Each structure stands twice: as C-alpha cells, then as structure tokens.
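Visitor: A structural model of the following input is requested.
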Amino acid sequence: MGEVAPKVTQTIIGDAVPNLPWEDRPQGCQDIVWRYSANPIIDRNPIPCAQGVYNSAAIPFGDGFMGVMRVEYRDSMPRLHLARSADGVHWDIEHEKIRMLGADPEIANPVETYDPRVCKIGGEYYVTWCSKYCGPTIGVARTKDFTEFRQLENAFLPYNRNGVLFPRKINGKYLMLSRPSDPGHTPFGDIFVSESPDMVHWGRHRLVMTSGGQWWQTAKIGAGPVPIETQKGWLLFYHAVISNCNGFVYSMGAALLDRDCPSKVLYRSNQYLLFPTADYECTGFVPNVCFPCAAICDAPTGRIAIYYGAADTYTCLCFCQVDEVLEFPKANSTVF
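Guide: The predicted structure follows:
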C-alpha cells in the first residue's frame with residue numbers, strides 16, 4: 001500500500017498499530033478523507049449464506065485483526081459472524097453465526113442482530129449491536145479471546161440503535177452513545193450518552209448532538225466508530241442522513257467531544273467528510289449509503305483507517321490523518 005514515510009504525531013492517545021491498513025492520499029486529491037483504491041474490500045456474497053456483508057466492526061488483535069461482521073442472509077435477515085484478517089483488508093469470515101453464552105433465555109441469541117461495534121476496555125473486548133427484543137435495542141456481549149462470547153443484559157429499552165462504547169471509563173463509569181429511535185426505519189434521531197457502573201445498569205442519559213442544520217444532516221444522526229481519544233478531546237465520526245425525494249442518503253461527519261464530559265460538543269463539522277458518490281456506494285441493496293462502523297488508529301503516526309458499509313451491500317475502507325480531521329470541524333464548525 002502506501003510508501004511515503006509516515007508523519008509522526010502524538011495527538012492520538014492509544015497504541016501503535018504498525019500493520020494498519022493504509023494507502024496514501026492520491027496525488028491531486030484535496031479531500032480530508034479518501035477512499036481505498038481497491039474498494040470494496042468485501043463483496044456482496046463472500047460466503048454462501050450472504051447477500052451482503054456491511055456495517056461491520058474491526059479491531060486489532062494479536063498480530064492481525066478480528067472482525068464482527070453484519071452478514072445479511074438470503075432471507076434478508078442480519079446475523080453477526082466472526083472474521084479474521086492478517087492485514088485488515090482480506091478477511092476470512094466464519095460460515096456460522098456467533099453463538100452468545102450466559103444470557104437470560106428471554107434475550108439470548110436474538111434472531112436479528114446488526115450494525116456491530118467492538119470496543120476494547122482494559123483486557124476485554126465488548127461487542128455492542130442492534131438487537132431484536134420487542135423492537136430494536138442495544139445488545140452487549142464481552143469476550144477475551146474472540147472464542148467465547150458472554151452476552152450481558154440489553155443496555156436500553158426499545159427502541160434504540162447505534163450503541164457505541166467509549167474505550168475507557170470516564171469519571172469511574174462506562175459510557176455509551178446511542179440513538180433513541182422508533183420501531184421502524186427511523187425518520188428522526190439524535191445522539192445521547194449514558195453511563196453505567198457495571199455495563200448492565202444504564203442511566204444518567206444526556207443529549208450530545210441533535211440532527212438539523214445543514215441539509216446533509218437534517219433527518220438523523222448516529223454514532224459511528226468507537227470514539228478516538230486525542231489530546232484535544234474525543235474524536236467522533238458519525239453518520240448523518242438527509243431525506244430527499246428518493247429516500248435517505250447517508251454520509252459521514254466528525255465532531256470533537258470534551259474528554260471529561262463527552263456530552264459537551266467542542267466542535268462539529270458543518271460539511272460532510274464522506275458522501276456517497278462511488279458506484280459501490282450508490283448502487284446496491286440500499287443505494288446512497290456511507291455508514292462508518294469502525295476506525296483503527298496508529299497512534300504514533302496519527303493514521304486512521306475507517307471501515308464503512310456501502311449501499312447496505314459492501315464493506316469498504318477510507319483513510320485520514322488525525323490532525324487534519326481535528327482541524328476540519330474546528331475550521332468548519334457549527335453548534336445547534
């Protein structure tokens with residue numbers, strides 16, 4: 001992939017990922033976020049049961065990477081599958097869905113699971129996803145080895161989507177972003193943050209950001225990848241949605257949240273960073289969708305690789321440099 005010597009930065013608070021998937025910005029490109037030239041990295045049917053693999057999570061693990069994938073079956077129902085990769089680009093997806101252990105039988109192994117995120121907190125990895133229980137809600141599970149997954153209680157009452165954990169406790173509590181919704185394909189949505197002492201009981205719900213303002217984010221917004229801790233605050237990539245005469249259009253924005261009080265927005269971009277323009281983003285099961293779900297960072301260089309779903313069909317990669325992204329919402333900021 002890229003051959004240019006990496007820039008050294010200390011902005012990201014995190015680990016080195018020397019084998020981070022990466023491709024340098026194309027010559028002449030002025031975009032803050034640029035697409036991988038070999039997108040999509042996962043096509044619509046990489047395993048026999050799938051009609052699409054998208055809106056999935058990835059995280060460094062050992063010498064490679066682990067993924068929790070949203071696999072859309074040929075009955076159009078989504079399930080979560082485990083995947084492995086040596087380079088973060090080429091993925092080996094297990095053919096059987098993940099089986100959760102330990103949950104109350106009433107919520108155990110729901111039939112519909114989608115849009116996962118994976119967050120490392122301490123020595124454990126937590127998976128959050130949209131789960132089916134009297135409507136959409138946030139499922140939670142934890143694992144140490146990606147072999148055994150212990151399902152916890154659902155975090156919230158229905159209806160809720162886009163549950164995204166922070167990668168460390170803040171003021172002694174676990175924090176999770178979410179988007180309260182309705183039972184259908186939500187035509188509205190704002191981002192809230194909730195806290196928990198034990199990853200089971202959640203409360204103290206506080207508004208973070210509302211939809212509105214510029215047209216590209218007027219319908220609804222939702223947290224994307226796990227927030228990235230920087231010296232300046234928590235960098236949050238989020239999906240933003242407009243509603244036009246042809247339906248919803250999903251793009252990606254960025255915001256900076258206060259490190260000690262993440263419900264406080266320091267900056268928020270008034271322009272999108274990624275908008276569906278490539279063929280694989282505009283043509284598929286649900287056209288015109290860029291939906292970010294995971295971001296992997298190499299802290300010493302400030303490089304960020306973002307995994308996003310395209311057209312509810314494909315898995316894709318895009319790239320950015322942390323200092324440029326942090327400057328973007330500051331220079332193009334809006335608060336509402």
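Visitor: Residue 304 versus residue 237, what's the distance?
Guide: Residue 237 sits 9 Å away from residue 304 when distances are taken as C-beta to C-beta, to the nearest Å. In short, each C-beta sits where N, CA and C put it, glycine included.
Visitor: Find the residues that touch each one of those two.
Guide: Among the neighbours of residue 237, those also in contact with residue 304 (C-beta atoms under 8 Å, 6 or more residues apart in numbering) are residue 295.
Visitor: helix, strand or coil for residue 198?
Guide: Here residue 198 is recorded as coil under DSSP: H, G, I helix; E, B strand; the rest coil.
Visitor: separation between the closest residue to it other than its chain neighbours and residue 218?
Guide: Among residues not flanking residue 198 along the chain, residue 174 sits closest, at 7.8 Å (C-beta to C-beta, 6 or more residues apart in numbering). Separation of residue 174 from residue 218 (C-beta to C-beta) stands at 31 Å.
Visitor: Those two: which is more packed in?
Guide: Comparing residue 174 with residue 218 by neighbour count (other C-beta atoms under 10 Å), the higher total belongs to residue 174, at 22 against 14.
Visitor: That one against residue 199, yeah?
Guide: Yes: using C-beta atoms under 8 Å, residue 174 is in contact with residue 199, at 5.4 Å.
Visitor: Would you map the helices across this protein?
Guide: Along the chain, the segments classed as helices by DSSP state H run 279-282, 322-331.
Visitor: Local confidence estimate at the residue nearest to residue 198?
Guide: On the pLDDT scale, residue 174 is placed at 98.
Visitor: ditto for residue 213
Guide: Looking at residue 213, the pLDDT reads 86.
Visitor: mind listing the strands for the stretch 51-200 of the chain?
Guide: 64-73, 78-85, 92-93, 100-101, 113-121, 124-132, 136-143, 149-151, 160-165, 174-180, 191-196 (DSSP state E, counting those that start in this stretch).
Visitor: CSV for those strands, including distance to residue 24?
Guide: Formatted as CSV, those follow (distance: least, C-beta to C-beta, whole Å):
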stretch, distance to residue 24
strand 64-73, 20
strand 78-85, 21
strand 92-93, 27
strand 100-101, 40
strand 113-121, 27
strand 124-132, 30
strand 136-143, 34
strand 149-151, 37
strand 160-165, 29
strand 174-180, 31
strand 191-196, 32
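Visitor: Quickly, which of the helices of the chain bottoms out on average pLDDT?
Guide: helix 322-331 (a mean of 88).
Visitor: buried set for that helix?
Guide: Under the neighbour-count criterion of 16 or more other C-beta atoms under 10 Å, helix 322-331 has 322, 325-326, 328-329 buried.
Visitor: elements contacting it?
Guide: strand 228-230, strand 233-244, strand 247-257, strand 265-268, strand 303-310 (3 or more C-beta pairs under 8 Å, 6 or more residues apart in numbering; DSSP states H and E).
Visitor: Contacts made by that helix with the rest, please.
Guide: Helix 322-331 is touched from outside by 9, 11-12, 32-33, 228, 230, 232, 235, 253-256, 267-269, 271, 273, 297, 302-304, with contacts defined as C-beta under 8 Å, 6+ apart.
Visitor: Now with 6 Å, please.
Guide: With C-beta atoms under 6 Å, 6 or more residues apart in numbering as the test, helix 322-331 has contacts from 9, 11-12, 32, 232, 254-256, 267-269, 302, 304.
Visitor: ditto for stretch 241-261
Guide: Contacts of stretch 241-261 with the rest of the structure, by C-beta under 6 Å, 6+ apart, involve 215-216, 218-220, 233-234, 236-240, 264-269, 272-275, 288-292, 325, 329.
Visitor: tilt between the lowest-mean-pLDDT helix or strand in the chain and strand 303-310?
Guide: Among the helical and strand segments of the chain, the one scoring lowest on mean pLDDT, DSSP states H and E is helix 322-331, with a mean of 88. For helix 322-331 against strand 303-310, the angle by axes from the mean of the first three to the mean of the last three C-alpha atoms, to 10 degrees is 70 degrees.
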